[in-house]
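Visitor: could you work out the structure for the sequence below:
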Amino acid sequence: GDTLLDKMQTLSTKHVLPDAVINDLFNYTRDMVAPSQVEIALPPKLPNGGLQEASDTGTLELQRKERSRSIDWLGKNGWCVDNLQPAVSLIPQAGRGAIATRFLAKGVVVAPIPLLHVPRGSVLDMYAAMEDEAGLLGPDRSIRIGRQLLVNYCFAHPKSTLIFVPYGHGTNLINHNSKHPNVELRWAASRNFSNWFDMTVNELVDSNSAGLMFEVVALRDIQAGEEVVMDYGIEWEQAWEQYKKNWKPVVHQGVDATSYQDSFEANRLMEPITSVPKSLLLECKG
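Guide: Numbers count the residues shown, from 1 in each chain. The predicted structure is shown next:
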(Lines give C-alpha, C1' and ligand atoms only; values in the text may rest on other atoms or scores of the structure.)
Protein backbone atom coordinates (compact mmCIF):
# COMPACT_ATOMS: atom_id res chain seq x y z
CA GLY A 1 0.00 0.00 0.00
CA ASP A 2 2.77 2.45 0.90
CA THR A 3 4.66 1.64 -2.31
CA LEU A 4 1.54 2.27 -4.39
CA LEU A 5 0.92 5.63 -2.68
CA ASP A 6 4.54 6.67 -3.31
CA LYS A 7 4.30 5.78 -7.00
CA MET A 8 1.02 7.64 -7.40
CA GLN A 9 2.50 10.68 -5.64
CA THR A 10 5.52 10.65 -7.99
CA LEU A 11 3.20 10.36 -11.00
CA SER A 12 0.95 13.23 -9.89
CA THR A 13 3.95 15.51 -9.23
CA LYS A 14 5.61 14.70 -12.55
CA HIS A 15 2.50 15.46 -14.60
CA VAL A 16 1.02 18.18 -12.33
CA LEU A 17 -2.39 16.52 -12.10
CA PRO A 18 -5.37 18.50 -10.69
CA ASP A 19 -6.92 17.35 -7.41
CA ALA A 20 -10.08 15.99 -9.06
CA VAL A 21 -8.02 13.76 -11.39
CA ILE A 22 -5.84 12.59 -8.49
CA ASN A 23 -8.92 11.58 -6.48
CA ASP A 24 -10.40 9.73 -9.46
CA LEU A 25 -7.08 7.99 -10.09
CA PHE A 26 -6.79 6.96 -6.45
CA ASN A 27 -10.37 5.64 -6.25
CA TYR A 28 -10.03 3.71 -9.52
CA THR A 29 -6.70 2.19 -8.50
CA ARG A 30 -8.00 1.17 -5.07
CA ASP A 31 -11.30 -0.29 -6.28
CA MET A 32 -10.42 -1.75 -9.69
CA VAL A 33 -6.68 -2.36 -9.98
CA ALA A 34 -5.12 -3.07 -6.58
CA PRO A 35 -5.08 -6.65 -5.24
CA SER A 36 -7.52 -7.27 -2.38
CA GLN A 37 -4.78 -7.15 0.29
CA VAL A 38 -3.60 -3.74 -0.98
CA GLU A 39 -7.17 -2.48 -1.31
CA ILE A 40 -7.80 -3.24 2.36
CA ALA A 41 -4.59 -1.44 3.37
CA LEU A 42 -5.45 1.74 1.48
CA PRO A 43 -7.63 4.38 3.17
CA PRO A 44 -11.25 4.72 1.93
CA LYS A 45 -10.45 8.28 0.79
CA LEU A 46 -7.47 10.59 0.55
CA PRO A 47 -6.79 12.96 3.48
CA ASN A 48 -7.15 16.73 3.08
CA GLY A 49 -3.49 16.97 2.11
CA GLY A 50 -4.05 14.63 -0.83
CA LEU A 51 -1.50 12.11 -2.08
CA GLN A 52 1.41 14.00 -0.56
CA GLU A 53 -0.01 13.70 2.96
CA ALA A 54 -1.05 10.09 2.35
CA SER A 55 2.44 9.19 1.10
CA ASP A 56 4.18 10.97 3.97
CA THR A 57 1.87 9.53 6.64
CA GLY A 58 1.74 5.90 5.45
CA THR A 59 -1.16 3.47 5.24
CA LEU A 60 -0.88 2.17 8.83
CA GLU A 61 -1.20 5.62 10.39
CA LEU A 62 -3.94 6.61 7.93
CA GLN A 63 -5.95 3.52 8.88
CA ARG A 64 -5.44 4.26 12.57
CA LYS A 65 -6.70 7.82 12.17
CA GLU A 66 -9.66 6.66 10.07
CA ARG A 67 -10.75 4.02 12.59
CA SER A 68 -9.95 5.80 15.86
CA ARG A 69 -12.91 7.25 17.74
CA SER A 70 -13.16 9.54 20.73
CA ILE A 71 -14.53 8.37 24.08
CA ASP A 72 -17.52 10.68 23.51
CA TRP A 73 -18.23 9.09 20.11
CA LEU A 74 -17.95 5.58 21.55
CA GLY A 75 -20.38 6.51 24.33
CA LYS A 76 -22.98 7.62 21.79
CA ASN A 77 -22.45 5.01 19.07
CA GLY A 78 -20.64 2.03 20.60
CA TRP A 79 -21.81 -1.10 22.37
CA CYS A 80 -20.49 -2.80 25.46
CA VAL A 81 -19.29 -6.23 24.30
CA ASP A 82 -18.21 -7.69 27.64
CA ASN A 83 -21.68 -8.29 29.10
CA LEU A 84 -21.27 -12.00 28.33
CA GLN A 85 -18.55 -14.48 29.19
CA PRO A 86 -18.20 -18.17 28.26
CA ALA A 87 -18.59 -20.67 31.06
CA VAL A 88 -20.00 -24.12 31.74
CA SER A 89 -23.74 -23.98 31.07
CA LEU A 90 -26.18 -24.41 33.92
CA ILE A 91 -28.32 -26.54 31.57
CA PRO A 92 -27.52 -30.27 31.88
CA GLN A 93 -25.51 -31.64 28.92
CA ALA A 94 -25.54 -28.27 27.15
CA GLY A 95 -21.77 -27.82 27.28
CA ARG A 96 -20.80 -24.17 27.41
CA GLY A 97 -23.12 -21.22 27.84
CA ALA A 98 -23.16 -17.41 27.92
CA ILE A 99 -23.08 -16.00 31.46
CA ALA A 100 -23.91 -12.40 32.37
CA THR A 101 -20.87 -10.55 33.74
CA ARG A 102 -22.95 -7.80 35.38
CA PHE A 103 -26.53 -6.81 36.18
CA LEU A 104 -28.50 -6.22 32.95
CA ALA A 105 -31.76 -4.31 33.24
CA LYS A 106 -34.89 -5.23 31.28
CA GLY A 107 -34.79 -3.75 27.77
CA VAL A 108 -31.03 -3.19 27.67
CA VAL A 109 -28.98 -4.38 24.69
CA VAL A 110 -27.04 -7.35 26.06
CA ALA A 111 -24.87 -7.76 22.96
CA PRO A 112 -24.78 -6.78 19.29
CA ILE A 113 -24.62 -9.48 16.60
CA PRO A 114 -23.13 -8.27 13.30
CA LEU A 115 -24.14 -10.57 10.43
CA LEU A 116 -22.18 -11.87 7.46
CA HIS A 117 -24.35 -12.43 4.39
CA VAL A 118 -23.81 -15.88 2.85
CA PRO A 119 -25.78 -17.36 -0.09
CA ARG A 120 -27.65 -20.53 0.71
CA GLY A 121 -26.08 -23.36 -1.28
CA SER A 122 -22.78 -25.18 -1.28
CA VAL A 123 -20.71 -22.52 0.54
CA LEU A 124 -20.94 -24.34 3.87
CA ASP A 125 -20.84 -27.88 2.47
CA MET A 126 -18.03 -30.34 3.30
CA TYR A 127 -16.47 -32.72 0.80
CA ALA A 128 -14.30 -35.81 0.84
CA ALA A 129 -10.56 -35.21 0.68
CA MET A 130 -8.45 -35.95 -2.37
CA GLU A 131 -4.85 -35.43 -3.48
CA ASP A 132 -3.99 -33.41 -6.57
CA GLU A 133 -1.12 -34.11 -8.95
CA ALA A 134 1.30 -32.32 -6.64
CA GLY A 135 0.23 -34.48 -3.70
CA LEU A 136 -1.60 -31.64 -1.94
CA LEU A 137 -4.86 -32.37 -0.16
CA GLY A 138 -8.02 -30.62 -1.25
CA PRO A 139 -11.79 -31.14 -1.43
CA ASP A 140 -13.31 -33.60 -3.90
CA ARG A 141 -16.42 -31.61 -4.82
CA SER A 142 -18.02 -34.63 -6.44
CA ILE A 143 -18.44 -36.28 -3.03
CA ARG A 144 -20.42 -34.23 -0.50
CA ILE A 145 -20.15 -35.65 3.03
CA GLY A 146 -22.14 -33.11 5.05
CA ARG A 147 -22.28 -29.51 6.16
CA GLN A 148 -19.97 -27.47 8.35
CA LEU A 149 -20.77 -27.25 12.06
CA LEU A 150 -21.00 -23.48 11.57
CA VAL A 151 -24.46 -24.00 10.04
CA ASN A 152 -25.81 -24.75 13.52
CA TYR A 153 -25.00 -21.20 14.59
CA CYS A 154 -26.48 -19.42 11.56
CA PHE A 155 -29.82 -17.69 11.04
CA ALA A 156 -32.00 -18.31 7.99
CA HIS A 157 -35.64 -18.37 6.92
CA PRO A 158 -36.71 -21.74 5.43
CA LYS A 159 -37.75 -20.03 2.18
CA SER A 160 -34.83 -17.60 1.98
CA THR A 161 -31.80 -17.99 -0.29
CA LEU A 162 -29.64 -16.14 2.24
CA ILE A 163 -27.92 -17.29 5.43
CA PHE A 164 -26.79 -14.92 8.17
CA VAL A 165 -23.55 -15.89 9.92
CA PRO A 166 -23.33 -14.14 13.32
CA TYR A 167 -20.02 -13.11 14.87
CA GLY A 168 -21.00 -11.23 18.01
CA HIS A 169 -18.80 -11.68 21.08
CA GLY A 170 -20.08 -14.61 23.16
CA THR A 171 -23.49 -14.65 21.49
CA ASN A 172 -22.94 -18.03 19.80
CA LEU A 173 -22.96 -19.57 23.30
CA ILE A 174 -26.51 -18.42 24.14
CA ASN A 175 -28.44 -21.66 24.70
CA HIS A 176 -32.08 -22.54 24.08
CA ASN A 177 -34.81 -22.30 26.71
CA SER A 178 -38.39 -22.11 25.45
CA LYS A 179 -39.99 -21.98 28.89
CA HIS A 180 -37.96 -19.26 30.59
CA PRO A 181 -36.01 -17.18 28.04
CA ASN A 182 -34.48 -13.98 29.41
CA VAL A 183 -33.37 -12.43 26.09
CA GLU A 184 -34.67 -12.14 22.53
CA LEU A 185 -33.37 -11.15 19.11
CA ARG A 186 -34.37 -8.05 17.18
CA TRP A 187 -32.99 -5.92 14.37
CA ALA A 188 -30.54 -3.40 15.79
CA ALA A 189 -32.70 -0.38 16.63
CA SER A 190 -29.81 2.09 16.41
CA ARG A 191 -29.03 1.25 12.78
CA ASN A 192 -30.88 2.36 9.65
CA PHE A 193 -31.16 -0.71 7.44
CA SER A 194 -33.67 0.60 4.90
CA ASN A 195 -31.17 0.50 2.02
CA TRP A 196 -29.91 -2.95 3.02
CA PHE A 197 -33.41 -4.44 3.11
CA ASP A 198 -33.91 -3.34 -0.51
CA MET A 199 -30.76 -5.13 -1.74
CA THR A 200 -30.83 -8.36 -3.73
CA VAL A 201 -29.09 -11.47 -2.41
CA ASN A 202 -26.20 -10.97 -4.85
CA GLU A 203 -25.78 -7.35 -3.75
CA LEU A 204 -25.67 -8.38 -0.10
CA VAL A 205 -23.17 -11.17 -0.77
CA ASP A 206 -20.93 -8.91 -2.87
CA SER A 207 -20.93 -6.07 -0.32
CA ASN A 208 -17.58 -5.29 1.31
CA SER A 209 -19.07 -4.83 4.77
CA ALA A 210 -21.54 -6.49 7.09
CA GLY A 211 -24.46 -4.06 7.08
CA LEU A 212 -27.22 -6.01 8.82
CA MET A 213 -27.14 -6.57 12.55
CA PHE A 214 -29.17 -8.18 15.33
CA GLU A 215 -29.30 -7.17 18.97
CA VAL A 216 -29.76 -9.46 21.96
CA VAL A 217 -32.20 -7.63 24.25
CA ALA A 218 -33.03 -8.47 27.87
CA LEU A 219 -36.67 -9.53 28.41
CA ARG A 220 -36.34 -9.02 32.16
CA ASP A 221 -33.72 -8.03 34.70
CA ILE A 222 -30.76 -10.43 34.52
CA GLN A 223 -28.45 -10.85 37.49
CA ALA A 224 -24.66 -11.13 37.27
CA GLY A 225 -23.68 -14.80 37.01
CA GLU A 226 -27.04 -15.80 35.52
CA GLU A 227 -27.02 -17.74 32.26
CA VAL A 228 -28.43 -15.87 29.26
CA VAL A 229 -30.90 -18.01 27.25
CA MET A 230 -33.35 -17.44 24.40
CA ASP A 231 -36.19 -19.31 22.72
CA TYR A 232 -34.89 -20.78 19.43
CA GLY A 233 -38.45 -21.52 18.29
CA ILE A 234 -40.70 -24.57 18.05
CA GLU A 235 -39.25 -25.76 14.72
CA TRP A 236 -35.73 -25.87 16.13
CA GLU A 237 -36.94 -27.66 19.25
CA GLN A 238 -38.77 -30.30 17.20
CA ALA A 239 -35.70 -30.82 14.99
CA TRP A 240 -33.51 -31.19 18.08
CA GLU A 241 -35.83 -33.76 19.66
CA GLN A 242 -35.81 -35.72 16.39
CA TYR A 243 -32.02 -35.56 16.26
CA LYS A 244 -31.73 -36.89 19.82
CA LYS A 245 -34.15 -39.69 19.01
CA ASN A 246 -32.12 -40.83 15.98
CA TRP A 247 -28.64 -40.19 17.36
CA LYS A 248 -26.27 -43.09 17.88
CA PRO A 249 -22.78 -42.83 19.37
CA VAL A 250 -19.92 -43.02 16.89
CA VAL A 251 -17.78 -46.09 17.46
CA HIS A 252 -14.10 -45.98 16.55
CA GLN A 253 -11.75 -48.89 17.24
CA GLY A 254 -14.21 -50.31 19.72
CA VAL A 255 -14.56 -47.06 21.67
CA ASP A 256 -17.79 -45.04 21.53
CA ALA A 257 -18.51 -41.39 22.25
CA THR A 258 -19.43 -42.06 25.87
CA SER A 259 -15.70 -42.23 26.66
CA TYR A 260 -14.82 -39.13 24.63
CA GLN A 261 -11.94 -37.02 25.95
CA ASP A 262 -11.50 -33.50 24.65
CA SER A 263 -8.16 -31.95 23.71
CA PHE A 264 -8.03 -29.75 26.80
CA GLU A 265 -8.28 -32.74 29.12
CA ALA A 266 -5.75 -34.73 27.05
CA ASN A 267 -3.30 -31.82 27.20
CA ARG A 268 -3.78 -31.55 30.93
CA LEU A 269 -2.99 -35.23 31.38
CA MET A 270 -0.20 -35.01 28.76
CA GLU A 271 -1.44 -38.18 27.09
CA PRO A 272 -0.15 -38.66 23.54
CA ILE A 273 -2.60 -39.14 20.67
CA THR A 274 -2.06 -42.73 19.56
CA SER A 275 -4.69 -42.94 16.81
CA VAL A 276 -6.74 -40.60 14.66
CA PRO A 277 -10.29 -41.40 13.43
CA LYS A 278 -10.72 -41.60 9.67
CA SER A 279 -13.32 -38.84 9.95
CA LEU A 280 -10.60 -36.41 11.06
CA LEU A 281 -8.32 -34.92 8.40
CA LEU A 282 -4.93 -33.65 9.58
CA GLU A 283 -2.61 -31.71 7.32
CA CYS A 284 0.77 -30.17 8.05
CA LYS A 285 1.95 -27.25 5.95
CA GLY A 286 5.54 -26.10 6.31
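Visitor: can you give me the helices for the stretch 1-150 of the chain?
Guide: 2-15, 19-28, 36-41, 50-57, 59-67, 71-77 (DSSP state H, counting those that start in this stretch).
Visitor: out of the ones you listed, which is the most enclosed?
Guide: Each of these was scored by mean neighbour count; the highest is helix 50-57, a mean of 18, by mean count of other C-beta atoms under 10 Å. C-beta here means a position set from N, CA and C on the backbone, and glycine is covered the same way.
Visitor: ok, and what's touching that helix?
Guide: Under the criterion C-beta atoms under 8 Å, 6 or more residues apart in numbering, residues 2, 5-6, 8-9, 12, 19, 22, 26, 43, 46-47, 49, 62, 65 lie in contact with helix 50-57.
Visitor: what does stretch 79-98 give?
Guide: Applying C-beta under 8 Å, 6+ apart, the set of residues contacting stretch 79-98 is 99-102, 104, 109-112, 168-171, 173-175, 177, 227-229.
Visitor: try it again at 7 Å.
Guide: Contact with stretch 79-98 is made by 99-102, 104, 109-112, 169-171, 173-175, 227-228, as judged by C-beta atoms under 7 Å, 6 or more residues apart in numbering.
Visitor: the strands in this protein, which residues?
Guide: Assigned by DSSP state E, the chain shows strands spanning 84-88, 96-100, 109-119, 125-131, 137-147, 162-166, 175-176, 183-187, 213-218, 227-230.
Visitor: pLDDT weak spots in the stretch 1-150 of the chain?
Guide: Scanning the stretch 1-150 of the chain with the threshold set as pLDDT under 70 gives 34-35, 37.
Visitor: test my guess that residue 164 contacts residue 151.
Guide: No: counting by C-beta atoms under 7 Å, residue 164 sits too far from residue 151 to count as a contact (11.5 Å).
Visitor: quick one: closest of the strands of the chain to residue 194.
Guide: strand 183-187 (11.1 Å; C-beta to C-beta).
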